[in-house]
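# Give me a model of this one.
(chains A and B)
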Protein chains: 2
Amino acid sequence: MIHKDHPRYKSLKLREKIVDAYKNGILAESGMIAHGRGEAFDYLLGEETTSNSKKAVQAAAAALILAKNPVISVNGNTVALVSNEIVKLADDLNARIEINLFHKTKKRISIIKNVLNDAGAKNILGTDHEAKALIKGLEGPRASSSREGVYIADVVLVPLEDGDRAEALVKLDKLLITIDLNPLSRTAKTATITIVDNIIRAIPNLIQAVHELNNVEDSTLHQIVRDFNNQENLDESLKKISDKHTGRVKP
Amino acid sequence: MIHKDHPRYKSLKLREKIVDAYKNGILAESGMIAHGRGEAFDYLLGEETTSNSKKAVQAAAAALILAKNPVISVNGNTVALVSNEIVKLADDLNARIEINLFHKTKKRISIIKNVLNDAGAKNILGTDHEAKALIKGLEGPRASSSREGVYIADVVLVPLEDGDRAEALVKLDKLLITIDLNPLSRTAKTATITIVDNIIRAIPNLIQAVHELNNVEDSTLHQIVRDFNNQENLDESLKKISDKHTGRVKP
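Next up, the predicted model:
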């Protein structure tokens, strides 16, 4: 039992959720380690959404609304933390959900599929029951993508993606949206739009932004996407994180 | 198999070590998450020892050589990564090793004791076979310390310690040396001497510093300890991490 007064209560509750997800087979061991990395970067961010993250969320929502074939690619950590919200976002956008695991096993895919089904998702991609196509530039099981999903998608939202896969997807001319707490990561730098935030805040923010922009004219949405400069936004994010802490070591 | 060309090869090898330690019962789940946090901060540090870390290592070595009852307090992550080095350091300093786990179970203590024994340690404290004393200000199993160890120690080296325990030990007037990759953590700010570095680099550096300072006069060693200002050193560490990355998002 974590006491509500503990200075890191919220973070410790999330950690419990991650440990439970591991015990339920949703996560591989490395998923727990990845969560720890996220904890550290979120800590540096002050565990709150910045104005730069909000700007990226607006651009991401606009791009997703404009997409012909939007796909949300999920891994174990995403499903462990925000399965209900992902299903809601996919419904609102009429987007497909595709399971893409770094450490792929049939068992984990089936467990994750069940969690998403329980959250109300139908017709989930990335399982064994569909045609696959290989993504150029990747090797082994990670190269696989669904022919109806990521492979033909024009816009892919893929939170917590690794650098190799992000690069390969951008080379295929996809508009890549990622959510990554590390503004310095290869994925953050490679994506078209990077939301530097915790997915537990970013996905609800995206749902809200999609709702707000849903009846806005296409030309305005295109303008929002064009006006967004990912590199500039990452530079500003980093600057803010840095300013937040420098000279503030004193207890 | 991780390929040697992978840009994160070293970090991925360490991660394998941590996952193995978990599978062998050395670590709790939260130990894996804690490793992930460490990965993130080490990444920001550029995965190398800074001049500030070297300065802290000098002060720590001097304090440990001067100590009447030096104790090295170890947890699962420390033993998973540097058990041989910890035993060597304890031998060189004639220091006791005490096992102190955040998530304490008899089984984990016994597994960790075996790992340390295999690394050549004798007479390990923190097991069930000795008199215990409670540390004021802490609750539950975490309050327990060995009467021959941490409880009577004047200098305690405790890598990767949590904030509550660090504060309680400092209140007992112990000279507390910690190793923590996060210069902003409560532990880093509370300790007398904080080495902001990865333990896989810090412990070998400490062994070397102890070797170099071993025949130096006590008065000089006292001076080294007195001249060290932890808050100043943490501020400088943070400044360096920040300068390293700001404006460098460009791939």
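# can you give me the strands for chain A?
Here chain A has its strands, by DSSP state E, at A:70-74, A:96-99, A:132-134, A:144-146, A:155-157, A:175-179, A:193-195.
# In its sheet, which strands sit next to the last one, and in what direction?
Strand A:193-195 has the following sheet partners, assigned by DSSP bridges: strand A:175-179 (parallel).
# Give me the contact list for the strand it pairs with.
A:60, A:63-64, A:67, A:154-161, A:166, A:169-170, A:187-188, A:190-195, A:197, A:199, A:202-203, A:225 (C-beta atoms under 8 Å, 6 or more residues apart in numbering or on different chains). All C-beta spots, glycine's among them, are computed from the backbone N, C-alpha and C.
# what's the burial count for the residue of chain A found nearest chain B?
When distances are taken as C-beta to the nearest C-beta, chain A reaches nearest to chain B at A:Gly36, 2.1 Å away. Residue crowding around A:Gly36 was assessed by other C-beta atoms under 10 Å in any protein chain shown; the count is 22.
# With A:Pro141 instead?
12.
# That one and A:Lys104 touch, don't they?
Yes. Between A:Pro141 and A:Lys104 a contact is recorded at 4.6 Å, counting by C-beta atoms under 8 Å.
# quick one on the thing from earlier: can you pick out the ones from the contacts of strand A:175-179 that are in helices?
A:60, A:63-64, A:166, A:169-170, A:187-188, A:190, A:199, A:202-203, A:225 (DSSP state H).
# Show the backbone phi and psi for the residue nearest the centre of chain A.
When C-alpha atoms, centre = their mean is applied to chain A, the residue found nearest the centroid is A:Pro159 (1.6 Å). Note on A:Pro159: its backbone torsions stand at phi -70, psi 150 [degrees, to the nearest 10].
# Can you name the residues that contact it?
A:Pro159 neighbours (C-beta under 8 Å, 6+ apart): A:Val74, A:Asn75, A:Thr78, A:Thr178, A:Ile179, A:Asp180, A:Ile199, A:Ala202, A:Ile203.
# A:Glu236 reaches A:Asn52, doesn't it?
Yes. Contact criterion C-beta under 8 Å: A:Glu236 and A:Asn52 qualify, at 5.1 Å.
# So the residue nearest to the centre of chain A versus A:Arg201, what's the distance?
If you measure A:Pro159 against A:Arg201 using C-beta to C-beta, to the nearest Å, the figure is 12 Å.
# pLDDT weak spots in the stretch 1-150 of chain A?
A:1-2 (pLDDT under 70).
# what residues does chain A put near chain B?
A:7, A:15, A:18-19, A:22-23, A:29-30, A:32-41, A:43-44, A:182-184, A:186, A:189-190, A:231, A:234-235, A:238-239, A:242, A:245-251 (C-beta under 8 Å from any C-beta of the partner chain).
# hmm, back to that, identify all residues paired with the residue nearest to the residue nearest to the centre of chain A when sequence neighbours are not counted through a beta bridge.
Leaving aside its sequence neighbours, A:Pro159 sits nearest to A:Ile179 (C-beta to C-beta, 6 or more residues apart in numbering or on different chains; 3.9 Å). Using DSSP bridges, the bridge partners assigned to A:Ile179 are A:Ile195.
# what's around A:Ile179, how many residues?
30.
# Next one, pLDDT for the nearest residue to A:Thr50 once chain neighbours are set aside please.
Using C-beta to C-beta, 6+ apart and skipping residues adjacent in sequence, the residue nearest A:Thr50 is A:Lys240, 5.9 Å away. Among the per-residue scores, A:Lys240 holds a pLDDT of 87.
# Drop anything exposed from the contacts of strand A:175-179.
A:60, A:63-64, A:67, A:155-161, A:166, A:169-170, A:187-188, A:190-195, A:197, A:199, A:202-203, A:225 (16 or more other C-beta atoms under 10 Å in any protein chain shown).
# who's in contact with A:Val196?
A:Val196 neighbours (C-beta under 8 Å, 6+ apart): A:45, A:50, A:52-53, A:56, A:180-183, A:188, A:233-234, A:237.
# if I read this right, A:Pro70 contacts A:Val150, doesn't it?
No. A:Pro70 is beyond contact range of A:Val150, at 10.7 Å (criterion: C-beta under 8 Å).
# Please say which of these two ends up with more neighbours.
Using other C-beta under 10 Å as the criterion, A:Pro70 and A:Val150 rank with A:Val150 on top: 26 against 22.
# Let me know how buried A:Phe102 is, in neighbour terms.
Counted with other C-beta under 10 Å, A:Phe102 comes out at 18.
# right, I mislabeled it, should have said A:Arg147
A:Arg147, neighbours per other C-beta under 10 Å, totals 12.
# That one and A:Ile135 touch, don't they?
No. Applying C-beta under 8 Å as the test, A:Arg147 and A:Ile135 come out as separate, 11.5 Å apart.
# Give me the pLDDT for the closest residue in space to A:Thr187 that isn't next to it in sequence.
Of all residues not flanking A:Thr187 in the chain, A:Ala166 sits nearest, at 4.3 Å (C-beta to C-beta, 6+ apart). pLDDT recorded at A:Ala166 is 93.
# for chain A, what spans make up the helices?
Using DSSP H, helices in chain A cover A:9-23, A:29-44, A:51-66, A:76-93, A:106-118, A:163-171, A:186-190, A:199-213, A:218-227, A:230-245.
# Can you lay out those as CSV showing distance to B:Asp128?
Below are the helices of chain A laid out as CSV (distance: least, C-beta to C-beta, whole Å):
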stretch, distance to B:Asp128
helix A:9-23, 26
helix A:29-44, 29
helix A:51-66, 49
helix A:76-93, 36
helix A:106-118, 38
helix A:163-171, 47
helix A:186-190, 47
helix A:199-213, 40
helix A:218-227, 63
helix A:230-245, 42
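# so which of the ones you listed comes closest to B:Asn114?
Nearest to B:Asn114 among those is helix A:29-44 (21.8 Å), distances taken as C-beta to C-beta.
# can you list the residues that contact that closest one?
Outside helix A:29-44, the residues touching it (C-beta under 8 Å, 6+ apart) are A:11, A:14-15, A:18-19, A:21-22, A:75-77, A:80, A:102-103, A:160, A:181-182, A:198, A:241, A:244-245, B:15, B:18-19, B:22-23, B:29, B:32-41, B:43, B:182, B:184.
# could you dump it to CSV, C-alpha only?
Output in CSV follows, covering the C-alpha atoms of helix A:29-44 (Å, rounded to 0.1, in the frame of the first residue of the first chain):
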residue,chain,number,x,y,z
GLU,A,29,11.0,-7.4,-18.7
SER,A,30,12.4,-4.7,-20.9
GLY,A,31,9.0,-3.0,-20.8
MET,A,32,9.5,-2.4,-17.1
ILE,A,33,12.9,-1.0,-17.7
ALA,A,34,11.5,1.3,-20.4
HIS,A,35,8.9,2.5,-17.9
GLY,A,36,11.7,3.4,-15.6
ARG,A,37,13.3,5.5,-18.3
GLY,A,38,10.0,7.2,-18.8
GLU,A,39,9.7,7.9,-15.1
ALA,A,40,13.0,9.7,-15.1
PHE,A,41,12.2,11.9,-18.1
ASP,A,42,8.7,12.7,-16.7
TYR,A,43,10.3,13.6,-13.4
LEU,A,44,12.5,16.1,-15.3
